[in-house]
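sequence below, structure please.
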Amino acid sequence: MATYTITVNERTKEGKGLVNYLKTLGVIEVPNEKTRKAIQEIREGKGTVCNTFEEYLEAIK
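A predicted model of the protein is given here:
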């Protein structure tokens, strides 16, 4: 079994088509709603930055 890494420009018609096709085959996993929401929050700058593990533990309380 081989592993291939390719780069696809999803902004083009061809790239979108290829990605959609790979999703239907199950080659590319589609993130669930919770994951998509978390990604969107990070892109909007709503994430929490912690410098140490202790700060992280305090932040999640």
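
check which helix or strand the residue nearest the centre of the chain maps to.
Residue closest to the mean C-alpha point of the chain, counted by Cα atoms, centre = their mean, is Ile39 at 6.4 Å. Element membership of Ile39, judged by DSSP states H and E, is helix 33-43.

can you give the contact residues for that helix?
Contacts to helix 33-43, defined as Cβ atoms under 8 Å, 6 or more residues apart in numbering, come from residues Pro31, Gly47. Quick note: C-beta positions are derived from backbone N, CA and C, even for glycine.

and for the helix or strand following that helix, what are the contacting residues?
The element immediately downstream of helix 33-43 (helix or strand, assigned by DSSP H and E) is helix 53-59. Applying Cβ under 8 Å, 6+ apart, the contact partners of helix 53-59 are Thr48, Cys50.

off-centre distance for the helix ranked longest in the chain?
Longest helix of the chain, by residue count under DSSP state H: helix 13-25. Distance, stretch centre to chain centre, for helix 13-25: 16 Å (Cα atoms, centre = their mean, to the nearest Å).

got the buried residues for that helix?
Leu18 (16 or more other Cβ atoms under 10 Å).

can you dump the C-alpha coordinates of it into CSV?
Below are the C-alpha coordinates for helix 13-25, written out as CSV (Å, rounded to 0.1, in the frame of the first residue of the first chain):
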residue,chain,number,x,y,z
LYS,A,13,-13.6,24.3,-10.6
GLU,A,14,-11.4,21.3,-11.2
GLY,A,15,-10.0,21.3,-7.6
LYS,A,16,-13.5,21.5,-6.1
GLY,A,17,-14.6,18.7,-8.3
LEU,A,18,-11.7,16.5,-7.4
VAL,A,19,-12.2,17.1,-3.6
ASN,A,20,-15.9,16.4,-3.8
TYR,A,21,-15.2,13.2,-5.7
LEU,A,22,-12.6,12.1,-3.1
LYS,A,23,-15.1,12.8,-0.3
THR,A,24,-17.7,10.6,-2.0
LEU,A,25,-15.2,7.8,-2.2
